[in-house]
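Colleague: here is a sequence together with a model predicted from it:
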Amino acid sequence: MCKGEAFSAHRLVVCPRSKYFHRASYGGFKETEGQIYLDERSPILIEKVLEFLYTGDYTLKRLATTPVHPGTEGAERQEINTRVENGPVLDSSSEESGMHNHTTEMTELFNEAAVTATESTEGPVDGSAVENKPVPIEENPAEELFEQGVELEPIVDKLADCHPCYFHVRMYGEADYFMISDLKTKAKAQFLASFMDNPKRATFADTIEELYSTHADYQQLRQLAIEVIVDNLPNLRKGLFPVIDSRLMKAVPDFTLDLCQATLDKYVGVPPTTLFSVGPEFKVHPARVARV
């Protein structure tokens, strides 16, 4: 459960690839009873994490787009990858050339979990026999709060319309949180490929602010970002409204420090490697002395 949205998943699929879900399912916590509550996370990202765990990849487009309106007629619990008019959202057609049988099976399983599955597996993760038991559908917590007169704010998530690079950063953060190493690798590659894809000042600032936040351990992405920025610094600083402006540099001082150090190391020379170094004598240009 995540902020009023319900996501179905098979333990035998998600637990072997995520240390977080494995511990939550088999570590003796209350989550082992069948439901895991992730109200501090984003439903959009939870959906994409599950998509990756089932298919080995994730897409940028939201699969479940209908918001939950508690108390309205026909309000239902949202499932990842809900049905659309013309069929399941994920296309698992065997007509696509080169699709591996395992990938097809996992995609079908993902659709099944997203649309109709309410099953939860019980037992070890080592592949031994398990018994599938249906998980009872509970009342929507958001609907209960609505009936009690508690005012609920609509879920507004800028992930619904953001630059792809920012989305990949957030996915990297989810991979860090749920301890999914191959998702971190995937998100890191996607981040690098999209970082310089038509950067705009506002979206670029969002990405940098997230990278230097404490939401996740973004150190590897920060290093990559600084290297790419230094290589493209002339383009990012040109024009009346540069992508990297003074507002961003003041708002994220750690970014400014990293950028300055990396720029000095690249354009001035090799960074110092010893505590004491003997270098050439420093000089002042005669023309500058004459102006004094």
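Modeller: Perfect, I can see it now. Residues are numbered from 1 along each chain as shown.

Colleague: residue boundaries of the strands in the stretch 101-250 of the chain?
Modeller: With DSSP state E, counting those that start in this stretch as the criterion, the stretch 101-250 of the chain has strands at 119-122, 131-134.

Colleague: lowest average pLDDT across those?
Modeller: Least confident of the strands of the stretch 101-250 of the chain, judged by mean pLDDT, is strand 119-122 with a mean of 40.

Colleague: low-confidence ranges in the stretch 1-150 of the chain?
Modeller: Residues of the stretch 1-150 of the chain meeting the criterion pLDDT under 70: 28-34, 62-150.

Colleague: give me the number of residues near the nearest residue to Ile46 once chain neighbours are set aside?
Modeller: By the measure of CB to CB, 6 or more residues apart in numbering, the closest residue to Ile46 outside its immediate chain neighbours is Cys2, 4.9 Å from it. For every residue, glycine as well, the C-beta is placed using N, CA and C. Cys2 has 21 neighbours, counted by other CB atoms under 10 Å.

Colleague: Cys2 reaches Val49, doesn't it?
Modeller: No. Here Cys2 lies out of contact with Val49, judged by CB atoms under 8 Å, at a distance of 10.4 Å.

Colleague: need phi/psi at the residue nearest to Ile46.
Modeller: Backbone torsions for Cys2, taken as degrees, to the nearest 10, come to phi -140, psi 110.

Colleague: cool, Val49 as well?
Modeller: The phi/psi pair for Val49 (degrees, to the nearest 10) is phi -60, psi -50.

Colleague: how many neighbouring residues does it have?
Modeller: Around Val49 there are 28 residues (other CB under 10 Å).

Colleague: distance check, it against Gly4.
Modeller: Per CB to CB, to the nearest Å, Val49 is found 18 Å from Gly4.

Colleague: one more: Asp265?
Modeller: In terms of CB to CB, Asp265 sits 48 Å off from Gly4.

Colleague: and the two? Which one has more around it.
Modeller: Gly4 (22 against 13).

Colleague: any idea how far the more buried one is from Lys184?
Modeller: Gly4 is 28 Å from Lys184, by CB to CB.

Colleague: over to Lys266?
Modeller: Distance from Lys266 to Lys184, by CB to CB: 27 Å.

Colleague: just Lys200 next, same as before
Modeller: On the measure of CB to CB, Lys200 and Lys184 end up 26 Å apart.

Colleague: looking at those two, which has the bigger crowd around it?
Modeller: Between Lys200 and Lys184, counting by other CB under 10 Å, Lys184 is the more crowded of the two (21 against 11).

Colleague: and stretch 240-260, which residues are buried?
Modeller: Buried residues in stretch 240-260, counting neighbours by 16 or more other CB atoms under 10 Å, are found at Val243, Ile244, Leu248, Val252, Phe255, Thr256, Asp258, Leu259.

Colleague: and those residues, which two are furthest apart?
Modeller: Val243 and Asp258 (16.3 Å; CB to CB).

Colleague: so what's Val230 up against?
Modeller: The contact partners of Val230, by CB atoms under 8 Å, 6 or more residues apart in numbering, come to Leu259, Ala262, Thr263, Lys266.

Colleague: which of those has the largest number of neighbours?
Modeller: Leu259 (20 neighbours).

Colleague: domain parsing of this protein, as residue ranges.
Modeller: 11-157, 162-267 (automatic domain parsing).
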